[in-house]
Structure formats: structure tokens, C-alpha cells
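Novice: Structural data only, the sequence is not supplied:
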DNA sequence: GAATTCCCCTG
DNA sequence: CAGGTGATATTG
């Protein structure tokens, strides 16, 4: 299989996970693009692939004006709309006293477009976003300072105490003085829909997650998945309700720092794997030799909220059954999870590091691995999952599993997995032909077991 | 919501 | 290169 063939698969799917790894040049127009470019897909006979943008430039190609392949990855131009939304939420947070139209002016875009774009991307209007942020700031002042209510109102961008009172009641149901007295936990309930590209095999994803659900963290119903999460300094909860007719999830999100909304949405997209082009992926999988009638329609990669959690689950799951593993994870959560207001969260590395983990009835060496892993995560917060290989007790299987579930890498082939090995004996499969979607092949084979 | 801009295909 | 098509991003 040639590299070109892999590039072709990747570009046809427009999967963002391949963004930045190569560029597509169109011979007929002498323009080159990123694999995610929204423009009409060029015919294969007209394209040529490059690993670096400069190579394309040298061959006389001009960068596309839509996807800006000439800009540096993760630069402002590269992120396109995302940058505008990011700047917008930053401005809304920094300038509570500015009106929406003044913010739009600062952004250099029309007010109408600002509203539309913001609501479209975040499911919350700029005004709601700003109001909730103001309320949180006011609450902070009420608790942490002895400013008068009038002063708090002024500082948080409300013109007077009356205005603060009205808005605070609207968001929290309480007056400012009540908020000051009680240690009340404020959360905004955000609702929006998140589209996916059909087919989407919801029962499979649901059952997969249900089998591995950690009590008090995750809740699963016949048509919904919910869990608590921590992202940076933000704590929250989300529930995704599947709607197969409208091809979307109905999302409920609660969080205590609205500035994280974008990141939270990105991660939910990943956990539910809504962006994958399943149709194209399945075509690719059929080339590997897996019998077509055995291929389950619409299988997605069930994600874990973040790599650290995936790592803990993987380590505690080494060599034992799923059920036994979840028991251990559950003990870890009960013992060390961060509990606030009846709600439990998966423990951070910091919290795991405070414990000797003796409450886990596992082999000492396994416990050692978990300690070493946690320490590693604390010391190298920006390390990639591949770097975990240097930790004693973490081998290729654990790393691969964590990448598949914790970062939703599309091309992880778990050929060291026992279940997969058994399946390979049953069918004559050449996984090479499933590239770059071998994670999906792994899922398919697990599903058949 | 129409109009414009951009990209790609075909002849 | 001209003329036609689909798909954004953005404005009025």
C-alpha cells in the first residue's frame, strides 16, 4: 500500500485528526489545501501530496484562501473561525461593561454575524455568555470580599445593585445577599445540539460505555450518556441524548467556568466520535478482508474524557476482566475522587499522588506502575502518550489502548490484545489494508468477539 | 435570505 | 480559458 493511498483515504474523510500531517495539491488549479479544506473534493488523478507546505510552494502551488495551508499549524489563521470565537469569549470575559455591538466592533466583524457565529459554535448567545460570566465574578466578589452589594454590582459590570439583583435571581434563583451567605454552587445549564454524520451505531457505543461505566462518574440510559468531568480549572457535567431521526445529540452541559465551553465541546465531540466519516471508513475496512456481512454498521470509537483517566483505566485493566477492572477504577474514584456538592469527579494526578493506594487489592508491582505513571504525569504535564513507554510496567498494549480511547487516534492497531489475536485466527485479515483506520478495525473485531 | 467569494470540473 | 456547480464565510 502506498503512502498516496493513505493520504487519499484521509483527505476523502476530511477527518480533522489528519490535519497538519500532509497537504493536498491540485494540479489543474495549482492550489494546495489542508486535508480538512471544505472545498469540493478534487479527483484523485488531479492531486499530488506533500508532507510540508513549503514543498508545495516550491512546486509552484499557491495556498488555498479557505483553509490557509501556508500558515503555521495552531496559528490564528490556521484555526480560522475558532480564533474569532476564542477572541470573542476572551473579550466578553475581559470587558463585562462593553455591549455586544462594541465587542463585535473590536473583533472587526458585523454584529449580526457575531451573534450567529457565536451561537452556532457554542450554543450560547454572546449576551448569555457574558451575563453568566458576570454573575460568576459577582459571586466570587460576594464571597471573597467585603464590598457592598452596590460596589459588587459596579465591579462586575452591572450598572447598579438593582440590575445585579434581577440578573442574579434569573441565573441562580437567589438574591445577592443570599448568595453571599450561602456557599452556593452556581452552574449554568447550557443546551444545544451536536450533529453527527450518519450512520451512527448508538446501541454499540452505549453498551460499550455502559459495560465500563464508573458509578458516580458516568450515567447511562437507553438513549443517553452522561458524566462528570474536570478540564483545567473547570468542573462540570454533560449529558448527551441520542436522536437518530435528527442525526444529532441533544446536549446538556453544566460547568462552573464558561470560558471552557469551547474546549468542553471539542472534547465531547471526540468522546462521542461525531466527526468521523464512517461510510468511508467502512469501505476501507472491507479491504482488510473482514467479511462484509460481519461488519457492524456505524461503529464509533468510544472515548475516555482525558488521557490520564485512560491511562489509569488501562493500567488497572491489564490482564483482568473488564468487570474486575471497573471495580478497581471505581474504588480509586470513591477513595480519591474530588467530591463537591454530592458530585464526584475522576481524581487528578495530584490527588492520586497523595495516596499509597493500599486500598487497591492488586499486585504490588501493578501498584508501583500506577504510582510511577501518576508521578510521570505530574512531572511531564505536556508529554505525549507515547512517552509513557518509558515507565516501568507500561508496555505497548497499555500505550495503544490509552491512545485509542484517551485521544481517539484513528489508526491504532491493538494486535497485542488477546481478543484481537483470537479474532485474527478466525478470519484472514490483513490489517495493513485498513490503514489509516485501524482503530475502527480493532473496535469491529472486539464487537464480533 | 440574497449576494459574494472560492474552489474544482468539464468542454 | 469560459461557463457551471457546490460549499463556506461574511455582509447588509
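Specialist: Nice, thanks for sending it over. Nothing here was measured: the structure is a model prediction, and the numbers come from that model.

Novice: Where do the helices of the stretch 151-300 of chain A begin and end?
Specialist: Assigned by DSSP state H, counting those that start in this stretch, the helices in the stretch 151-300 of chain A fall at A:161-172, A:176-181, A:202-211, A:261-272, A:278-286.

Novice: Can you add distance to DNA strand C and give the ones you listed back as TSV?
Specialist: Placement of C-beta: from N, CA and C, glycine included. Below are those laid out as TSV (distance: least, CB to the nearest atom of the strand, whole Å):
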stretch	distance to DNA strand C
helix A:161-172	28
helix A:176-181	37
helix A:202-211	24
helix A:261-272	15
helix A:278-286	14
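
Novice: mind checking which of the ones you listed is nearest residue A:341?
Specialist: Nearest to residue A:341, of all the helices of the stretch 151-300 of chain A, is helix A:161-172, at 13.8 Å by CB to CB.

Novice: Enumerate every residue touching the closest residue to DNA strand B within the stretch 151-300 of chain A.
Specialist: The stretch 151-300 of chain A approaches DNA strand B most closely through residue A:280 (17.1 Å), counting by CB to the nearest atom of the strand. Residue A:280 is in contact with A:9, A:12, A:13, counting by CB atoms under 8 Å, 6 or more residues apart in numbering.

Novice: Ranking by neighbours, what's the top pick from these?
Specialist: residue A:13 (24 neighbours; other CB atoms under 10 Å).

Novice: quick one, what contacts that one?
Specialist: Contact partners of residue A:13, counting by CB under 8 Å, 6+ apart, are A:276, A:277, A:280, A:281.

Novice: swap in residue A:30?
Specialist: For residue A:30, the contact set (CB under 8 Å, 6+ apart) comprises A:60, A:61, A:62.

Novice: Next one: it from residue A:68, what distance?
Specialist: Counting by CB to CB, to the nearest Å, the gap from residue A:30 to residue A:68 is 17 Å.

Novice: ok, now which ones touch the residue nearest to residue A:177 when sequence neighbours are not counted?
Specialist: In space, and not counting its chain neighbours, residue A:177 is closest to residue A:149: 6.7 Å by CB to CB, 6 or more residues apart in numbering. With contact set as CB under 8 Å, 6+ apart, residue A:149 has these partners: A:142, A:161, A:164, A:165, A:176, A:177, A:180.

Novice: any chance of the residues you listed in TSV, plus pLDDT and neighbour count?
Specialist: Shown next, in TSV, are the contacts of residue A:149 (pLDDT from 0 to 100; neighbours: other CB atoms under 10 Å):
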residue	pLDDT	neighbour count
A:142	89	22
A:161	88	16
A:164	92	24
A:165	92	17
A:176	90	25
A:177	88	12
A:180	88	18
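
Novice: Now the helices of the stretch 151-300 of chain A in a markdown table, please, with extra columns for distance to residue A:114.
Specialist: Shown next, in a markdown table, are the helices of the stretch 151-300 of chain A (distance: least, CB to CB, whole Å):
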| stretch | distance to residue A:114 |
| --- | --- |
| helix A:161-172 | 21 |
| helix A:176-181 | 30 |
| helix A:202-211 | 35 |
| helix A:261-272 | 15 |
| helix A:278-286 | 34 |
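
Novice: Out of those, the one nearest residue A:322 is which?
Specialist: Nearest of the helices of the stretch 151-300 of chain A to residue A:322, taken as CB to CB: helix A:202-211 at 5.9 Å.

Novice: Please list the residues outside that closest one that contact it.
Specialist: Under the criterion CB under 8 Å, 6+ apart, residues A:218, A:220, A:222-223, A:225, A:242, A:244, A:272-273, A:296, A:298-300, A:302, A:322, A:326, A:447 lie in contact with helix A:202-211.

Novice: ok, of those, which come out buried?
Specialist: Applying 16 or more other CB atoms under 10 Å to the contacts of helix A:202-211, the neighbour count classes A:218, A:220, A:225, A:242, A:272, A:273, A:298, A:299, A:300, A:302, A:326, A:447 as buried.
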